[in-house]
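>>> fold the following for me, if possible:
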Amino acid sequence: MLVEVCFKGNRKEFFLWEGEHPPALRSPVIVEADRGEDLGHVHAIGDLAERRARGTSHGPGDTPVTQTIRRPAGPEDLKRLRDLREQDEAARRKAAERVKANGLAMKLSDAEWRWDRRKLTIYFTAEKRVDFRNLVRELATTFRTRIELKQIGVRDEARRLSGIGRCGREYCSASWLPELRPVNLGVAKDQRLSLNPSQISGACGRLMCCLRYEHEFYVQQRKRFPKEGKTIATAKGQEKVMANDIFRERVTLRGEDGEVRVVPLPELRLEMGVDRVAEPTGEEEALGAPLEGVSEEVIRLQDTVELPAWIPRAERPAAASTRQLPVAESVPPDDDQDEEAEDDAPVAG
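Numbers count the residues shown, from 1 in each chain. Sure, this is the predicted structure:
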C-alpha cells in the first residue's frame, strides 16, 4: 500500500507499507531514508495517496516507490525528534555565520536535522547561482554529518516557515494548498482588483496564491453576465453595460439618454428574453490579459517563467581532497531526485 508521509516544512514523500493493517492518518512513523531513517507523520494512504502521487510535483512519477515504512514511532522516537527540532534554528544561525564569513549572496531560510542525525539539510534562497563548495566543507567539519544545501523559491520559503496572512488565517500554501502554481497579473486584472502591491502580494513578496485558485469562480460567474462595455437590448431600449457585480448579482446599465440604473441579473435576463447570458471567456484569456499601464513594481510581483533552482546536497569528505570541483548548476525545484556526492569529496551540481 502506498502512503504519503509529511515531514517538517510541509515536505512530503511516498513510501510503501508492507504490514497487514495500514497506519492511521497523522500517526508518527519511522521511514526508510537514504542511508538511514527519518520520522514523519502519515498524510494520506491507499487510493488518496495513489492519486496524490500522480497529481503532485513531489510524486514519484514513473519511478517505482521502493522506500518503506519501517515501523510506528514510539514516545522515545518523538522525544528525539522534538530535541532535534529545537536544534534546527541554532544550526541555521551557525550556518548563516559561515555564509556571511564567505561573502555569499544567499539567505538561509531553514535548517532540518534528519531524525537519525545522519544528515542536515539547509534551505536557502538566492537570486543567482552560488558557488558554495567552501561553505559545504566548513559546515561538514562543524556539524560532522552529511550536508545538503537546497535552494528554494520565495513561495516555497513561505510554505516551509508558515505564518498568518492578511486574511487572518494561516498561509494557504502551508495549511492546505497541495501545489504551488505560478500566479500571473492577468488573474488580478480579471478579478477587477486594485493593482496596489501592498494589497495583492503575500508574505513571500509575490502575488497571493488565492488569486489563482479563486480565479475559476470569477470566470464561471462572469459567464452569467453580459460583457462590460457591450450595448444590449432591454425593456428600456438600447443600454450599455457599465459594470457587473457578481457577488450581489447586479448589472449597472446606462441608457441612450444618459440615465443610469442598477438591475438585478434575474430581471435583466427577463428583459432580454433569455434564460442565460453568456459571453466567451476563460482562464486563458485572463492569464494573457494585457498589462499596459502597469508599473514595473507590480509586474515584479508575478512569477517569472524561469523557476527558482535548488542545488543538490554535498557530503562531508572522508579525507582531504585536492580534486577541482565544478560550480554548482541549477536544476528545477520540482525535481525531487537528490544527487549524492562521492564519498571522497563534496560535490554540488
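>>> longest helix anywhere in the chain?
In terms of residue count, the longest helix belonging to the chain (DSSP state H) is helix 75-102.
>>> tell me the mean pLDDT for that one?
If you average the pLDDT over helix 75-102, you get 96.
>>> in that helix, what's buried?
Asp77, Arg80, Leu81, Leu84, Asp88, Ala91, Arg92, Ala95, Ala96, Arg98, Val99 (16 or more other CB atoms under 10 Å). For glycine as for every other residue, the C-beta is placed from the backbone atoms N, C-alpha and C.
>>> tell me the angle the very next helix or strand once past it makes with helix 75-102.
Using DSSP states H and E, the helix or strand that follows helix 75-102 towards the C-terminus is strand 107-113. Interaxial angle, strand 107-113 versus helix 75-102 (axes from the mean of the first three to the mean of the last three CA atoms, to 10 degrees): 150 degrees.
>>> same for strand 107-113, what does it pack against?
helix 75-102, strand 119-125, helix 154-161 (3 or more CB pairs under 8 Å, 6 or more residues apart in numbering; DSSP states H and E).
>>> do you know which of these lies nearest Lys236?
helix 154-161 (49.2 Å; CB to CB).
>>> list the buried residues of that closest one.
Neighbour count says helix 154-161 has Val154, Arg155, Asp156, Glu157, Ala158, Arg159, Arg160 buried, by 16+ other CB under 10 Å.
>>> can I get the CA coordinates of whichever helix or strand comes after that helix in CSV?
The helix or strand immediately downstream of helix 154-161 is helix 172-175, counting by DSSP H and E. Output of helix 172-175 as CSV, limited to C-alpha atoms (Å, rounded to 0.1, in the frame of the first residue of the first chain):
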residue,chain,number,x,y,z
CYS,A,172,-2.8,28.7,2.2
SER,A,173,0.5,27.3,0.9
ALA,A,174,1.4,26.0,4.4
SER,A,175,-2.0,24.8,5.5
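>>> so what touches helix 172-175?
For helix 172-175, the surrounding residues in contact (CB atoms under 8 Å, 6 or more residues apart in numbering) are 10, 155, 158-163, 165, 169, 180, 209-210, 213.
>>> flag whichever of the residues you listed scores worst on pLDDT.
Out of the contacts of helix 172-175, that is Leu180, at 85.
>>> show me what contacts the nearest residue to that one once chain neighbours are set aside?
Nearest residue to Leu180, sequence neighbours excluded (CB to CB, 6 or more residues apart in numbering): Arg155, at 4.9 Å. Neighbour list for Arg155: Ser173, Leu180, Cys204, Arg206, Cys209, Asp303 [criterion: CB under 8 Å, 6+ apart].
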